[in-house]
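Engineer: Predicted model and sequence follow; I will ask about them next.
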Amino acid sequence: MRPKATLKQIAKELNVSVSTVSKALSNSPEISEPTKIKVQEFAKLKNYKPNNIAVNLKSKRSKTLGVLIPNILNPFFAKVFSGIEKAANARGFNVITCISDESLAKEIKIIDMLSNGTIDGFILSISEETQKEGEVKHFKEAISDDLPIVMFDRISNDVNCDKVVVDDFDSAVHAVNHLIKTGAKNIALLSNIDNLSVGNLRAEGYLQALKDNGIAINEDLILRCESSEEFDEKFPDFFDIKGKNIDAVFALEEHSSVAAHKQTLKLGAKIPDEVQLIGFADGVWSRRLTPSLSTVSQHGPEIGEAAADMLIDRLENKDPDAPEFSTTIIKTELRQRESTRKL
């Protein structure tokens, strides 16, 4: 590997000042075009790389956003990230992405690591363990260190910051209402995210829809778990279609959606004639299953774009009268496929 030149070395060899070299490399209008070309070409020849940390310290801005997601295997978070990157790049910002793996300790470590001038602010969705423990001190410390945060999807009401969420409650009400309007009366609820804020909101929407339609809540039709492992253990005994007269299923995430779809077919029930299915989230499995799965789409890319724009707006906004914090709500969409009957 070739050794990297420094500003001082370039200045000495070209017999100019360090300031001239620095301004030429940053394309400053104070430097003539011939000098710029000479300095830039020589710097490239000598393998010069700018010291970003030094530049950041001087400008107090890195033009980089830190993105922290809980789970890289969840297609929803991948879609959100695509939106973040698109909006950030369009506005001249770079993105550093880290994964908490649903761990509070790792989340704290990542925020501490990036809070040294590497990034200008965070876009994040809280880890499962963080929500379970209710620990938000690390978020508050970052904000107090002048690192703004935008939370999305999984949020904490105990942290004062900008937020981007979907209408989890209302979209659950809408989905269950659709099942009821198409004739369903015994609608099972499946969840393995009962320890997350989004899981609770969706479950509350399910219960509200039953109440609004005068349908009594049957606890025998509700399976709310806090992990996929717990769900997989309880689901086979729970999902007795004939014994419980289940004629529809509302699943709150992809894992339970796929499990319900496979088990319904295994038990010989016809989809959607005998059992209708609606899942929450819109991953590739929804379209690949046969019959294809109707889903509540969260519009992940739009969430990401909104979150990035909110953070950049806050970083660039100098208006003292700007609102302190705001919450943007992204509307979901019920995408009807083959697992539900049409109205």
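Structural biologist: Received the coordinates, thanks. Keep in mind the model is a prediction, meaning the values are calculated, not measured.

Engineer: mind checking the end-to-end distance for stretch 324-332?
Structural biologist: One end of stretch 324-332 to the other measures 26 Å (Cα to Cα, to the nearest Å).

Engineer: For residue 222, give me its contacts.
Structural biologist: Contacts for residue 222 (Cβ atoms under 8 Å, 6 or more residues apart in numbering) come out as 188, 189. In short, each C-beta sits where N, CA and C put it, glycine included.

Engineer: ok, now the one 5 residues further on?
Structural biologist: Taking Cβ under 8 Å, 6+ apart as the criterion, residue 227 is in contact with 192, 195.

Engineer: Show the residue spans covered by the strands in the stretch 101-250 of the chain.
Structural biologist: Ranges of strands in the stretch 101-250 of the chain, per DSSP state E, counting those that start in this stretch, are 121-124, 149-152, 162-166, 187-191, 222-224, 248-251.

Engineer: Please report the distance of residue 114 from residue 167.
Structural biologist: Residue 114 sits 31 Å away from residue 167, going by Cβ to Cβ, to the nearest Å.

Engineer: Who has more neighbours out of the two?
Structural biologist: residue 114 (22 against 17; other Cβ atoms under 10 Å).

Engineer: That one and residue 98 touch, don't they?
Structural biologist: Yes. If you go by Cβ atoms under 8 Å, residue 114 and residue 98 touch, sitting 7.4 Å apart.

Engineer: Overlap of the contact sets of the two?
Structural biologist: In contact with both residue 114 and residue 98: residue 66, using Cβ under 8 Å, 6+ apart.

Engineer: Report pLDDT for residue 302.
Structural biologist: Residue 302 carries a pLDDT value of 96.

Engineer: repeat for residue 282
Structural biologist: Note on residue 282: pLDDT of 68.

Engineer: Kindly report the same for residue 59.
Structural biologist: Here, the pLDDT recorded for residue 59 equals 52.

Engineer: returning to that earlier point: and residue 45, which of the strands of the stretch 101-250 of the chain is closest to it?
Structural biologist: Of all the strands of the stretch 101-250 of the chain, it is strand 121-124 that lies closest to residue 45, at 36.7 Å by Cβ to Cβ.

Engineer: distance between the closest one and the chain's centre?
Structural biologist: Per Cα atoms, centre = their mean, to the nearest Å, the displacement of strand 121-124 from the mean C-alpha position of its chain is 10 Å.

Engineer: mind listing what that strand pairs with, with the direction of each?
Structural biologist: With DSSP bridges as the test, strand 121-124 is paired with strand 64-69 (parallel), strand 149-152 (parallel).

Engineer: Export these as a markdown table, with columns for distance to residue 265, mean pLDDT and mean neighbour count.
Structural biologist: Shown next, in a markdown table, are the strands paired with strand 121-124 (distance: least, Cβ to Cβ, whole Å; pLDDT from 0 to 100; neighbours: other Cβ atoms under 10 Å):
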| stretch | distance to residue 265 | mean pLDDT | mean neighbour count |
| --- | --- | --- | --- |
| strand 64-69 | 33 | 97 | 24 |
| strand 149-152 | 35 | 98 | 26 |
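
Engineer: Run through the stretch 201-343 of the chain and note the low-pLDDT ranges.
Structural biologist: For the stretch 201-343 of the chain, the stretches with pLDDT under 70 are 282, 318-323.

Engineer: go on, the stretch 1-150 of the chain?
Structural biologist: Checking the stretch 1-150 of the chain against pLDDT under 70 turns up 1-4, 50-60.

Engineer: about what we covered before: so which of the strands of the stretch 101-250 of the chain gets nearest residue 236?
Structural biologist: strand 222-224 (10.9 Å).

Engineer: Okay, now the sheet partners of the closest one, with direction.
Structural biologist: Partner strands and pairing direction for strand 222-224 (DSSP bridges) are strand 187-191 (parallel).

Engineer: Please enumerate residues in contact with the partner strand?
Structural biologist: For strand 187-191, contacts defined as Cβ under 8 Å, 6+ apart pick out 176, 179-180, 199, 202-203, 206, 210, 215, 221-225, 231, 235, 239, 244, 246-253, 256-257, 259-260.

Engineer: The same query, at a cut-off of 7 Å, please.
Structural biologist: Contacts with strand 187-191, where a contact means Cβ atoms under 7 Å, 6 or more residues apart in numbering, come from 176, 179, 199, 203, 206, 221-225, 246, 248-253, 256, 260.

Engineer: would TSV of the strands of the stretch 101-250 of the chain with distance to residue 83 be doable?
Structural biologist: Output for the strands of the stretch 101-250 of the chain, formatted as TSV (distance: least, Cβ to Cβ, whole Å):
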stretch	distance to residue 83
strand 121-124	10
strand 149-152	10
strand 162-166	10
strand 187-191	26
strand 222-224	30
strand 248-251	24
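
Engineer: which stretch among these comes nearest residue 66?
Structural biologist: When the strands of the stretch 101-250 of the chain are compared by Cβ to Cβ, strand 121-124 sits nearest residue 66, at 4.7 Å.

Engineer: What would the closest one look like as CSV? C-alpha coordinates only.
Structural biologist: This file holds the C-alpha atoms of strand 121-124, laid out as CSV (Å, rounded to 0.1, in the frame of the first residue of the first chain):
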residue,chain,number,x,y,z
GLY,A,121,-27.5,12.6,14.5
PHE,A,122,-29.3,9.3,14.8
ILE,A,123,-32.2,7.6,13.1
LEU,A,124,-33.2,4.5,15.0
